[in-house]
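# from the sequence below, what's the structure:
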Amino acid sequence: MEMGSELSKTVATFIVQKILLDDVGLNYICATAERFFAVGAVLGNMVVMLAEQPSPRLLKHIIRCYLRLSDNPRAREALRQCLPDLLRNPQFTSCLKSDDTTRRWLAQLLVNVGFTDSAAQLSQEVLTPTPLQGQ
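Here you go, the predicted structure:
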């Protein structure tokens, strides 16, 4: 996911997104810390790369992956520590200004992991944490 053209990165991230959107896939990735942190590290590295070469389309899929990970209780707790700071930086996320859906996803992610002040800058809606998976 970290190598190749923007298109190949986007396709690879989309595949991971589809795996995560399935409950079995989310549970598999979150079953061990090693799997979670492997996925988290790659997503984090991709966010850092986007600071140099912005791609709203790729960022959209990365945010959706993080949002889905935040549905798992253990992953949500871990994301409080390892979510890239860039996702809370309004200058970095300004490329999403015309994408209401992705801005809402990012705001929901930030609320889920406890960054409500950063979320408030993205969305006028009052957001509450999404229920954890299995509850």
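# for E125, give me the pLDDT.
Per-residue confidence for E125 comes out at a pLDDT of 67.
# and the next element down the chain from the top helix by length along the chain?
Across the chain, the helix with the greatest residue count (assigned by DSSP state H) is helix 33-52. Toward the C-terminus, helix 33-52 is succeeded by helix 56-69 as the next helix or strand (DSSP states H and E).
# now that next one - C-alpha only, PDB.
Output of helix 56-69 as PDB, limited to C-alpha atoms (Å, rounded to 0.1, in the frame of the first residue of the first chain):
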ATOM      1  CA  PRO A  56      -8.100  13.600  -1.400                       C
ATOM      2  CA  ARG A  57      -9.200  10.400  -3.000                       C
ATOM      3  CA  LEU A  58      -6.600   8.300  -1.100                       C
ATOM      4  CA  LEU A  59      -7.100  10.200   2.100                       C
ATOM      5  CA  LYS A  60     -10.800   9.400   1.900                       C
ATOM      6  CA  HIS A  61     -10.100   5.700   1.900                       C
ATOM      7  CA  ILE A  62      -7.500   6.000   4.700                       C
ATOM      8  CA  ILE A  63     -10.000   7.900   6.900                       C
ATOM      9  CA  ARG A  64     -12.700   5.300   6.200                       C
ATOM     10  CA  CYS A  65     -10.200   2.500   7.300                       C
ATOM     11  CA  TYR A  66      -9.400   4.300  10.500                       C
ATOM     12  CA  LEU A  67     -13.100   5.000  11.200                       C
ATOM     13  CA  ARG A  68     -13.900   1.300  10.800                       C
ATOM     14  CA  LEU A  69     -11.000   0.300  13.100                       C
END
